[in-house]
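Student: Let's see this in three dimensions:
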Amino acid sequence: MADETMVVQELWPQVLESVKKRRRFTWILLSQNANVSFYDGATPTLAWVNQGAVDNFVSSDSAPVLEAVLEEVLSRPAAVESVLEQTPPAPLYFMPASTAVPAHAPAATAALPPRPAASAASTLHRVLGQTAFLMYEQGNSEAAALLADVGNVELIPDNRSGGRADAVLIVSPYRVPQFTDEVLAAIQPVFVHVAGRHGLQVDGVSAALALPEIGDDWRQILQAKLDKGAASEQASEAHAKEAPPPSAGRISSGARRQYVPGMARPLVADAAARSPNGQPTMTSLLL
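Tutor: Numbering: from 1, shown residues only. Okay, the predicted model is just below:
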């Protein structure tokens, strides 16, 4: 078993290169998050850095891509299994005998200053930027351009899965319709993968408008806007009532319109073309 495991481990760079030719995203996921930990001749076992990477591997349908390459390289079917890497125990450091501290003098242990943790906002912006670059490298310039216009990222806890959250991309109103289901489906696996690399557990990705900034006086501000809108509407209605009705087409003083049944256009009776008794003749001209 150990020999077979070593064989697959030695072939792993070749496997990754073949995966890269088939699907670049799967190659990124495997090359940065997984290693071959065991192979029994039938089932290669991959050790992953975190659960987010495993979930991304499964949800993105990357397993069939890897299994097809393994079958090609090993000349036999291979069903991949996944496990999480075991964190190695902290090493024990022993003090040399020449610097041993006497038993009656307690050793002073100077604690290292805590490493400052990156703020959640800066981490999310880094995840956003790295996702945009990966989308560009995958040839999806449309998604990369849309991500470049995202103003902020918010995490909304998902009560259905403890500890996880959904990422909401805050964009301008005209951008929201451009984040179609197809675009989000392409962005989500990459974003989830990058977030997992930063220790963030993200389930889904969506796009939404920013929430309005308000203060304690939001009622007064909103009422003022409503009053201003109502006054503008009343002024428009008053102006519409005062406007004169549209004028009908005028007829010259020397002629008048006369409609004859069965004719599509009116006849014009000229004042000069009248019968001796003063009645208009039917020899009037058509308009």
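Student: who touches the helix or strand residue 240 falls within?
Tutor: Secondary structure assigned from DSSP states H and E places residue 240 in helix 218-242. Residues outside helix 218-242 that contact it (C-beta atoms under 8 Å, 6 or more residues apart in numbering): residue 214. C-beta: built from backbone N, CA, C; applies to glycine.
Student: And the average pLDDT for that helix is what?
Tutor: Helix 218-242 comes out with an average pLDDT of 84.
Student: Show me which residues of that helix are buried.
Tutor: Residues of helix 218-242 include none that count as buried (16 or more other C-beta atoms under 10 Å).
Student: Please shift the residue numbers so they start at 52 in all later answers.
Tutor: In the new numbering, first residue 52, that becomes helix 269-293.
Student: Run through the strands of the protein in chain order.
Tutor: Ranges of strands in the chain, per DSSP state E, are 85-90, 95-99, 132-135, 203-208, 216-222, 253-260, 306-309, 318-321, 336-337.
Student: Using TSV, please lay out those strands together with mean neighbour count.
Tutor: Output for the strands of the chain, formatted as TSV (neighbours: other C-beta atoms under 10 Å):
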stretch	mean neighbour count
strand 85-90	19
strand 95-99	20
strand 132-135	14
strand 203-208	15
strand 216-222	19
strand 253-260	18
strand 306-309	15
strand 318-321	18
strand 336-337	10
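Student: The nearest residue to residue 119 once chain neighbours are set aside: neighbour count?
Tutor: Nearest residue to residue 119 in three dimensions, chain neighbours excluded: residue 73, at 7.4 Å (C-beta to C-beta, 6 or more residues apart in numbering). Neighbour count of residue 73, defined by other C-beta atoms under 10 Å: 13.
Student: just checking, residue 73 touches residue 118?
Tutor: No - applying C-beta atoms under 8 Å as the test, residue 73 and residue 118 come out as separate, 11.3 Å apart.
Student: show me what contacts residue 181?
Tutor: Counting by C-beta under 8 Å, 6+ apart, residue 181 has contacts residue 245.
Student: hang on, residue 130 packs against residue 119?
Tutor: No - in this structure, residue 130 is not within contact of residue 119 by C-beta under 8 Å, at 11.5 Å.
Student: Just want to know which of those two has more residues nearby.
Tutor: residue 119 (15 against 11).
Student: pLDDT value on residue 316, please?
Tutor: On the pLDDT scale, residue 316 gets 51.
Student: Hmm, I typed the wrong one, I wanted residue 266.
Tutor: Looking at residue 266, its pLDDT is 86.
Student: just residue 170 next, same as before
Tutor: At residue 170, pLDDT is 60.
Student: now swap in the one 5 residues further on and tell me
Tutor: What the model reports for residue 175 is a pLDDT of 86.
Student: contacting residues around it?
Tutor: So residue 175 contacts 204, 206, 218, 251 (C-beta under 8 Å, 6+ apart).
Student: So which of these is the closest to residue 106?
Tutor: residue 251 (12.7 Å; C-beta to C-beta).
Student: so who does that closest one touch?
Tutor: If you count contacts by C-beta under 8 Å, 6+ apart, then residue 251 has 103, 174, 175, 178, 206, 216 around it.
Student: can we see that at 10 Å?
Tutor: 103, 171, 174, 175, 178, 206, 215, 216, 218, 242, 243, 245 (C-beta atoms under 10 Å, 6 or more residues apart in numbering).
Student: By pLDDT, give me the weakest of these.
Tutor: Lowest pLDDT among these: residue 171, 67.
Student: Could you report the separation of the closest residue to residue 74 other than its chain neighbours from residue 290?
Tutor: Leaving out its chain neighbours, the residue that sits closest to residue 74 by C-beta to C-beta, 6+ apart is residue 116, at 5.0 Å. As judged by C-beta to C-beta, to the nearest Å, residue 116 and residue 290 stand 67 Å apart.
Student: likewise residue 76?
Tutor: The value you get for residue 76 to residue 290, if C-beta to C-beta is used, is 60 Å.
Student: Could you list the low-confidence segments of the protein?
Tutor: Low-confidence segments of the chain, defined by pLDDT under 70: 52-53, 137-171, 210-214, 294-338.
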